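Engineer: this one's structure only:
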């Protein structure tokens, strides 16, 4: 299971509970509108297509997510909200987290809420990004990109499999076709062999029941925000792909006086790097330097405490046996927790993970296992953007991870604030933070010891 940040609840004026999360602490607030068909703030972090967007955005801004009422882990005993209610609930969430003027990011028909919000509360928005913008779902003589009634009813019939593995295969087919660069109306694959089928089905089930899903689809069918768009004065970036409905995006651009269209090569829906780059640009955050391959990763550093004294006491031959046993135990744990060994120097290991909770649990296991051969280790864990140099992770995030490890005591695992924030809700507990000045790293750092439960 992927790591999910802590979820909190806000009770709005009519008594409905809205579930929300905040992740990261950058200089700009970013609101992502989760798709109505995959809206669950806990499970969205397991969604293979959403997670890269969420992780990328949280690295340079404070990411704000919430489940609409009637969906996900918000109150489910209420009707799905209309646009007006969605705007009211979003405003309540922004007030609760003291987000004054965030950037709003959305896709497809999900941008309708953000458009209405920006038109109604222009003083509460600094910018909008709308990927594959759609002002309405239904076909009309003056909106030829929509679905005709027969196509829509076919979609409704297919939704009878909502939340099942069959529906998951349908979603996988659409996403796989998009990844392959097939046009929107192409039927490239059926998704049957996709490794993501179970994840898609599970998240759909935990977003809504089939009857609520049909209600949402019919509400979308009846919605048209074209009359609102000329009133949106917020600077807006519309995004489309050369294989998407560029004409639809151009039409919407013509209705929005402060919108600019950016057309990407291929399909734009899953263009993570490009979308994150545009959000950085809107936020005034410098882009990643050109020519560097980067990836978000969790780094784990371990090394043996008192290794020199221990080697002197045992002698070279016996110490060699201990080191070999140590390496074998560490590698067993890395394999079990899906860690990738990047480097081994003497008595230390540098490994990377795609999730911080796995890195911590791996470190806990290593601490316990190496005690059986009479040694103690210390470990440090940090999550950040890493450069890939000659196939290995490098950059300031790696340096910070090493410095965090150096600050740890015998059998102690220290983590950075970023790691602690990302694993909230995972069952991992921490002691009180201590402040450290990490060598070569600006500003004091709060480091948290992992408690052995």
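Structural biologist: Noted; the coordinates are in hand. None of the values given here were measured: they were computed from a predicted structure.
Engineer: quick one: secondary structure of residue 260?
Structural biologist: Counting by DSSP: H, G, I helix; E, B strand; the rest coil, the backbone at residue 260 sits in strand.
Engineer: List the beta-bridge partners for it.
Structural biologist: Applying DSSP bridges to residue 260 gives these bridge partners: residue 237.
Engineer: excluding its backbone neighbours, what's nearest residue 19?
Structural biologist: Excluding the flanking residues, the one nearest residue 19 by Cβ to Cβ, 6 or more residues apart in numbering is residue 73, at 4.3 Å. All C-beta spots, glycine's among them, are computed from the backbone N, C-alpha and C.
Engineer: just wondering, since we're on that neighbour, how far is it from residue 412?
Structural biologist: From residue 73 across to residue 412, the span is 34 Å (Cβ to Cβ, to the nearest Å).
Engineer: Downstream of the helix or strand where residue 321 lies, the next helix or strand is which one?
Structural biologist: Element membership of residue 321, judged by DSSP states H and E, is helix 316-336. Later in the chain than helix 316-336, the nearest helix or strand by DSSP H and E is strand 340-345.
Engineer: Can you give me the buried ones in that following strand?
Structural biologist: The neighbour-count criterion (16 or more other Cβ atoms under 10 Å) identifies residue 342 as the buried residues of strand 340-345.
Engineer: tell me which strands and helices that strand is in contact with?
Structural biologist: helix 316-336, strand 348-353, strand 392-394 (3 or more Cβ pairs under 8 Å, 6 or more residues apart in numbering; DSSP states H and E).
Engineer: now the angle from the first one to strand 348-353?
Structural biologist: The one in question is helix 316-336. Computed by axes from the mean of the first three to the mean of the last three Cα atoms, to 10 degrees, the angle separating helix 316-336 from strand 348-353 equals 10 degrees.
Engineer: what's in contact with helix 316-336?
Structural biologist: For helix 316-336, the external contacting residues (Cβ atoms under 8 Å, 6 or more residues apart in numbering) are 302, 304, 310-311, 314, 339-341, 344, 347, 349, 351, 362, 365-366, 369-370, 372-375.
Engineer: Please list all residues in contact with the spatially closest residue to residue 347 that is not a sequence neighbour.
Structural biologist: Nearest non-adjacent residue to residue 347, counting by Cβ to Cβ, 6+ apart: residue 304, 4.1 Å away. The contact partners of residue 304, taken as Cβ under 8 Å, 6+ apart, are 310, 326, 347, 348, 370, 375, 376, 377.
Engineer: switch to 10 Å and redo it
Structural biologist: The contact partners of residue 304, taken as Cβ atoms under 10 Å, 6 or more residues apart in numbering, are 310-311, 322-323, 326, 346-349, 370, 375-378, 410.
Engineer: What residues sit buried inside the helix holding residue 321?
Structural biologist: In helix 316-336, counting by 16+ other Cβ under 10 Å, buried: 319, 322, 323, 325, 326, 329, 330, 331, 333, 334.
Engineer: Relative to residue 395, how far out is the third one?
Structural biologist: Using Cβ to Cβ, we find residue 323 at a distance of 28 Å from residue 395.
Engineer: which residues of the stretch 1-150 of the chain fall in helices?
Structural biologist: 51-58, 83-96, 111-120, 149-158 (DSSP state H, counting those that start in this stretch).
Engineer: Centre of the chain to stretch 405-412, how far?
Structural biologist: Centroid separation for stretch 405-412 versus its chain: 30 Å, with Cα atoms, centre = their mean, to the nearest Å.
Engineer: For residue 356, give its distance to residue 392.
Structural biologist: From residue 356 over to residue 392 (counting by Cβ to Cβ), the distance is 19 Å.
Engineer: Which of the two has more residues huddled nearby?
Structural biologist: residue 356 (26 against 14; other Cβ atoms under 10 Å).
Engineer: which stretch among the helices and strands packed on strand 340-345 comes nearest residue 11?
Structural biologist: Of all those, it is strand 348-353 that lies closest to residue 11, at 36.6 Å by Cβ to Cβ.
Engineer: For the closest one, which strands pair with it and how are they oriented?
Structural biologist: Checking strand 348-353 against DSSP bridges gives partners strand 294-304 (antiparallel), strand 340-345 (antiparallel).
Engineer: can you pull the buried residues of the first one?
Structural biologist: Taking 16+ other Cβ under 10 Å as the basis for neighbour counts, the residues of strand 294-304 that come out buried are 294, 296, 297, 298, 299, 300, 301, 302, 303, 304.
Engineer: Give me the neighbour count for the spatially closest residue to residue 371 that is not a sequence neighbour.
Structural biologist: The shortest distance from residue 371 to any non-neighbouring residue, by Cβ to Cβ, 6+ apart, is to residue 411 (7.8 Å). Residue 411 is flanked by 15 other residues according to other Cβ under 10 Å.
Engineer: can I assume residue 411 sits in a strand?
Structural biologist: No: counting by three-state DSSP, one finds residue 411 to be coil, located in no strand.
Engineer: Could you pull up the residues touching it?
Structural biologist: 305, 367, 368, 370, 371, 376, 377, 378, 379, 452.
Engineer: from those residues, which would you call buried?
Structural biologist: 305, 367, 370, 376, 377, 378, 379.
Engineer: what's the distance between the last one and residue 409?
Structural biologist: Applying Cβ to Cβ, one obtains 11 Å for the distance of residue 379 from residue 409.
Engineer: got it, and residue 52?
Structural biologist: Counting by Cβ to Cβ, the gap from residue 52 to residue 409 is 35 Å.
Engineer: Which one's more surrounded, those two?
Structural biologist: residue 52 (17 against 11).
Engineer: need the contact list for that one.
Structural biologist: 270, 272, 273, 275, 276, 295, 296.
Engineer: pLDDT at it, what is it?
Structural biologist: pLDDT, residue 52: 89.
Engineer: Could you do residue 157 as well?
Structural biologist: 88.
Engineer: sorry, back to before: beta-bridge partners for the residue nearest to residue 347, please?
Structural biologist: In beta-bridge terms (that is, DSSP bridges), residue 304 pairs with residue 377.
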